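# A predicted structure for the sequence below; I have some questions about it.
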2 protein chains.
Amino acid sequence: MSTPRQRYREQVRREIKQAALARIGEGEPLSLTAVARRLGMTGPALYKYFASRDELLAELVRDGLGELAAAVRAAAAPQGGPRERLHTLARAFYDWAVAHPGLFLLVSSAPTPAGAEEVLRPFLPVFAQGRPARAVDGLPGWAHVPGGDPAAALTGAVLVWTRLQGVLSVELRGPFAGIGAALLAAEIDALADTMGL
Amino acid sequence: MSTPRQRYREQVRREIKQAALARIGEGEPLSLTAVARRLGMTGPALYKYFASRDELLAELVRDGLGELAAAVRAAAAPQGGPRERLHTLARAFYDWAVAHPGLFLLVSSAPTPAGAEEVLRPFLPVFAQGRPARAVDGLPGWAHVPGGDPAAALTGAVLVWTRLQGVLSVELRGPFAGIGAALLAAEIDALADTMGL
């Protein structure tokens, strides 16, 4: 059972993270001073809750990866053909990213494979049923790849991550913004072909 | 014939742009004050050369798109099969981006299609020989699409832009950095399949 003081501390930390996300969502660089100002706090007061900008960023990334993984997991269905399941999973990833563009960029930049692995796990049993047209050299080896063909599962996971990064880069900024949903459908269809699904 | 004063002005503007690119390359937000400090200038002195951060950014984007377009154009060869030509063009784009990661991000974010069109132009005659497996809805219409199938050329151009964004997002940051070259080969091979090349 937490004390009132602990609950208050958690509440303030949540508010700081929300203010930081709002700033990132506006395309602004993350500065603790600016976050503090937005909350009517002083910089030194904020440092009682997060020791550094890096600590705040790491926590945002962890939260974001957890949310994205949950969104993808919620779209996993054991029934349906692999092609249809792939589209549904990819669309859940895409929709989450479009709804949280700043957080998506943060999450995509995080260098630890463990978070990406959690996000991609629901794709593995789908791709494990495939027969990729060609291998990709130098893929990272993950600990847990399910039944079927583990190499196909891993190849598919890295390729779907790459395609989603591409489609979302195009949708969220740059000269072709606005055609993301159509691009996603085409790119995932093409990936299903490549993966022999 | 330019005057010494004009030549001096151009020289200082180039130095300002180089310092701004160095800052962007370090992943720092672009601040005119920080750029001025790096050059041993005061902020107000710098404003004599660029009226605003936006003006400096716009000029960096224009320069960057010009450089990227030149790198891709230099890799265009009329001989060779379309598949081989596609790989060569895509690799030239990729190599330029890996060599200029900060500028690549800036250039990819620019919302004007004209710059992207210039970069993608050498791809058009290659894709115009293809027969895409499926269409992508909602593609932007460009003015100048060469012979062959203009719809195929346009589809291929937008898809190769998307794939390059994806592979470069993966290579330049995040959990799978370092496998970009192998990913590029696989993704461009798969695109050649999809485009019927």
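Received it, and whenever you're ready, just let me know what you need. Model, not experiment: these values are computed from the prediction. Numbering: from 1, shown residues only, chains lettered A, B, ... in the order given.

# switch to C-alpha atoms for all contacts and neighbour counts from now on
Will do.

# which is the next helix or strand following the helix or strand where A:A34 lies?
Taking DSSP states H and E as the definition, one finds A:A34 inside helix A:32-38. As assigned by DSSP H and E, the chain's next helix or strand after helix A:32-38 is helix A:43-46.

# just the mean pLDDT for the helix holding A:A34, thanks.
The pLDDT scores in helix A:32-38 average 90.

# give me the low-pLDDT residue ranges for chain A?
Along chain A, the model assigns pLDDT under 70 to residues A:1, A:143-144.

# tell me the residues of it that contact chain B?
A:29, A:108-113, A:116, A:134-140, A:159, A:162-167, A:169-170, A:173-177, A:179, A:182-183, A:186, A:190, A:194 (C-alpha under 8 Å from any C-alpha of the partner chain).

# try it again with 6 Å
A:108-113, A:137, A:162-163, A:165-167, A:173-175, A:182 (C-alpha under 6 Å from any C-alpha of the partner chain).

# domain-wise, how is chain A divided?
Domain assignment for chain A, taken from automatic domain parsing, gives A:1-51, A:61-194.

# ranking those domains by burial, who's on top?
Mean neighbour count (mean count of other C-alpha atoms under 10 Å in any protein chain shown) peaks for domain A:61-194 among the domains of chain A, with a mean of 19.

# contacting residues around the residue of chain A found nearest chain B?
Closest to chain B within chain A is A:G166: 3.4 Å, counting by C-alpha to the nearest C-alpha. In this structure, A:G166 makes contact with B:T162, B:R163, B:Q165, B:G166, judged by C-alpha atoms under 6 Å, 6 or more residues apart in numbering or on different chains.

# rerun at 10 Å
Shown in contact with A:G166 (C-alpha atoms under 10 Å, 6 or more residues apart in numbering or on different chains): A:160, A:180, A:183-184, A:187, B:159-170.

# try A:T112
B:G174, B:P175, B:F176.

# all helices for chain A, in order.
With DSSP state H, the ranges of helices along chain A come out as A:4-25, A:32-38, A:43-46, A:53-74, A:82-99, A:101-109, A:113-120, A:124-127, A:150-172, A:180-194.

# apart from its neighbours in sequence, what residue is nearest A:R163?
Spatial nearest neighbour of A:R163, excluding adjacent residues (C-alpha to C-alpha, 6 or more residues apart in numbering or on different chains): B:G166 at 5.7 Å.

# my read: A:R23 touches A:T33, true?
No: A:R23 is beyond contact range of A:T33, at 11.6 Å (criterion: C-alpha atoms under 10 Å).

# hang on, the earlier thing: out of the domains of chain A, the one nearest B:A92 is which?
Nearest to B:A92 among these is domain A:61-194; the distance by C-alpha to C-alpha comes to 17.9 Å.

# how long is that closest one end to end?
Start-to-end span of domain A:61-194 (C-alpha to C-alpha, to the nearest Å) is 31 Å.

# list the contacts of A:W96.
A:W96 sits next to A:E67, A:L68, A:A69, A:A71, A:V72, A:L103, A:F104 when contact means C-alpha under 10 Å, 6+ apart.

# mind listing what the third one touches?
Going back to what we said before, that points to A:A69. Applying C-alpha under 10 Å, 6+ apart, the residues near A:A69 are A:D63, A:A92, A:F93, A:W96, A:G115, A:A116, A:E117, A:E118, A:V119, A:L120, A:R121, A:P122.

# swap in A:A92?
A:A92 touches A:L68, A:A69, A:A70, A:A71, A:V72, A:R73, A:A74, A:A75, A:A76, A:L86, counting by C-alpha under 10 Å, 6+ apart.

# redo that, cut-off 6 Å
Contacts of A:A92 were listed using C-alpha under 6 Å, 6+ apart, and they are A:V72.

# and the one 3 residues further on, by the same measure?
Contact partners of A:D95, counting by C-alpha under 6 Å, 6+ apart, are absent.
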